[in-house]
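Novice: This is the structure alone, sequence omitted:
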């Protein structure tokens, strides 16, 4: 994996109404938005590039203006797992910035992305001038902890089949397209091996389970392209598995 972007984007900074909607940055005043946009650095990253690495010093925050980023952790034995996917409007690096720690994971671009960076001095200035912004980031941190607990529950208590179905349903809002007859076409943004990392399963278990789900008539597969004729059947199975 290569660090640092190869391309520099000269387009306008990303902190506009489209990105701010329903996230932490909506707490900023017009003057603070202007300060941010005058100081932010936006760049394009090709798939496979690394934005920051596990153990690197946290120098500020990163906003995903477009594209997809995987946050990946590596343990002491060298085993890697995706712990989070960052989509358009998501912010990376706020936890180590607030905690004054180094990054505890690596941010790797999965699909070509445009990433905007605000350095630590600008962020500290904004946090001092607008306490509501800091509160939003603290709320986001608490939500992330809850999501991490949910993932631990899934790995410990739910079958590989249920975990795969859950991921497919989660990804449909970002990467799915539903036709007039209700058929869902889903372009997987990651490899099946990466999906195995994300749900805490062995790649061979994921392959075997995908074949089982396909044989049951719930999905059709062509590489990373998934066709789901009856989404309601997947949702019903997920609800039954989780609540029973």
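Specialist: It's in. In this text, all values refer to a predicted model and were calculated from it rather than measured experimentally.
Novice: Residue 217 is in what secondary structure piece?
Specialist: Following DSSP states H and E, there is no helix or strand that holds residue 217.
Novice: How about the one 10 residues further on?
Specialist: The secondary structure element spanning residue 227 is strand 225-228 (assigned by DSSP H and E).
Novice: That strand: which residues count as buried?
Specialist: 226, 228 (16 or more other Cβ atoms under 10 Å). Where you see a C-beta, it was placed from the backbone N, CA and C, and this is true even at glycine.
Novice: and the next element down the chain from it?
Specialist: helix 231-243.
Novice: Quick one: list the elements packing against that next one.
Specialist: Here helix 231-243 touches helix 160-175, going by 3 or more Cβ pairs under 8 Å, 6 or more residues apart in numbering; DSSP states H and E.
Novice: so the helix it packs on versus helix 231-243, what angle?
Specialist: Helix 160-175 and helix 231-243 are oriented at 130 degrees to each other (axes from the mean of the first three to the mean of the last three Cα atoms, to 10 degrees).
Novice: what's downstream of helix 160-175, the next helix or strand?
Specialist: strand 176-178.
Novice: Can you give the strand pairings for that next one, parallel or anti for each?
Specialist: Here strand 176-178 has these sheet partners by DSSP bridges: strand 184-187 (antiparallel).
Novice: what comes up buried for the strand it pairs with?
Specialist: Neighbour counts over strand 184-187 (16+ other Cβ under 10 Å) mark 184, 186 as buried.
Novice: Spell out for me which residue occupies the centre of the protein.
Specialist: residue 85 (1.7 Å; Cα atoms, centre = their mean).
Novice: avg pLDDT for the strand holding residue 227?
Specialist: What strand 225-228 shows for mean pLDDT is 94.
Novice: quick one: contacts of that strand?
Specialist: Strand 225-228 has contacts (Cβ atoms under 8 Å, 6 or more residues apart in numbering) with 168, 183-188, 218-221, 234.
Novice: repeat for stretch 159-173
Specialist: Contacts to stretch 159-173, defined as Cβ under 8 Å, 6+ apart, come from residues 154-155, 158, 184, 186, 188-189, 195, 198-201, 205-206, 209-210, 212-213, 218-219, 226, 228, 231, 234-235, 237-238, 241-242.
Novice: Just the buried ones from those?
Specialist: Using 16+ other Cβ under 10 Å as the burial test, the contacts of stretch 159-173 include 154, 158, 184, 186, 188-189, 195, 198-199, 201, 205-206, 209-210, 213, 218-219, 226, 228, 231, 234, 237-238, 241 as buried.
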